[in-house]
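Q: Pasting the sequence and the predicted model now:
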Amino acid sequence: ATVPSQGGGSGPGGDGGSPQGGGDTSAPVISGIIVSQITINSAVVTWTTSEASDSRVDFGLTSGFELGSSNSSALVTTHTLSVSGLTEGLTYQFRVRSKDSSGNEAISATQTFSTLDQTSPIISSITIQNVTQTTADVSWMTNESSTSVVEYGTSLSYGTTRSNNALETSHRVSMSGLRAGTLYHLRLTSTDASSNTTISADQTLTTVQDAPPTNVSALTITPANTALTITWTNPSDADLAGIRVIECPSAYPVSQNDSSCTVVGNGIFTTLVRTGLTNNHTYYYGVFAYDAAGQFASGAVGLGIPTT
């Protein structure tokens, strides 16, 4: 990295000096400050001066340069100093200083560089919450700012991705388009600003089971000559898909699939008229609501006897 420099004297940007015996009173002019060979814990700082002078780099995490200095007493015009003992992935502030043989010192303006980050984020505190029939939320924490990606699906191939590219340590992603009562696999990915990536182990969730519809109500069977009129009120379930009516010859049905009975009506309706029946014979009926998932209510039952 090349950073701007500043010539000086006895302070930042100064041009005074400490005359020695009435001789040289001009501080060196600092130029060409470059930070190179940056690693996770060290860097090399180079610069030039207009006259031979010593070398010093003050550095720290603040402008107070609290971590100390690297220096060389050799009088040179091309300066190279290593700064070591640094921490990975942090931004450091530094300044360079050069003093000539007459004691005139130049101090640069404050500069910055960042050490390399080669460590992937650590994913922790994975929580799956707010699970419904069709949605769920997953949240997690990372030890450094990073992106949020969730892959999910009904197998380990996943197939659907939700992401947030904001760099943060507290992550939350919502999943949608799920199926009720279904096992889903998901995995999380977080990538930091240095493109270091962590992928979690596989996680699972099961969406809330879709409840069967409620029963029809107000079931009424009205007799007529060789006929019966069956009426009812449909339930208000949003996913109601239809009504199955079955007719049984000798007993109430035990289920919507009772093999002794015959399906005499199917669809969305509230009235069924049965004709061609035998007067004075007892007919048994079951009226079963069902939803889009094919789940049936327990059913409402009744009987009717056609009469003249």
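A: The structure has been received and is ready for your questions. Numbering: from 1, shown residues only.

Q: so how far is Ser195 from Leu188?
A: From Leu188 across to Ser195, the span is 17 Å (CB to CB, to the nearest Å). The C-beta positions use only the backbone N, C-alpha and C, and glycine is treated the same way.

Q: Which one's more surrounded, those two?
A: Counted by other CB atoms under 10 Å, Leu188 and Ser195 do not tie: Leu188 has more neighbours, with 23 against 8.

Q: Now the more buried one. Nearest residue, chain neighbours left out?
A: Nearest non-adjacent residue to Leu188, counting by CB to CB, 6 or more residues apart in numbering: Ser200, 4.2 Å away.

Q: Let me see the contact set for that neighbour.
A: Counting by CB atoms under 8 Å, 6 or more residues apart in numbering, Ser200 touches 123, 126, 140, 187-189.

Q: Looking at the residues you listed, state which has the most neighbours.
A: Counting neighbours by other CB under 10 Å, the top entry in those is Leu188, with 23 neighbours.

Q: could you say which helix or strand contains it?
A: Assessed by DSSP states H and E, Leu188 sits inside strand 183-191.

Q: Among the contacts of Ser200, which one lies nearest to Ala218?
A: Nearest to Ala218 among the contacts of Ser200, counting by CB to CB, is Ile126 at 49.4 Å.

Q: My guess is that closest one contacts Val138. True?
A: Yes - if you go by CB atoms under 8 Å, Ile126 and Val138 touch, sitting 6.9 Å apart.

Q: Let me know the pLDDT of the nearest residue to Asn41 once chain neighbours are set aside.
A: Spatially, and ignoring its direct neighbours in sequence, Asn41 is nearest to Leu86 (4.7 Å; CB to CB, 6+ apart). If you check Leu86, the pLDDT there is 97.

Q: For Leu86, which residues are in contact?
A: 40-43, 92, 115.

Q: Repeat the analysis, applying 10 Å as the threshold.
A: The neighbours of Leu86, taking CB atoms under 10 Å, 6 or more residues apart in numbering as the test, are 38-43, 59, 61, 67, 92, 113-116.
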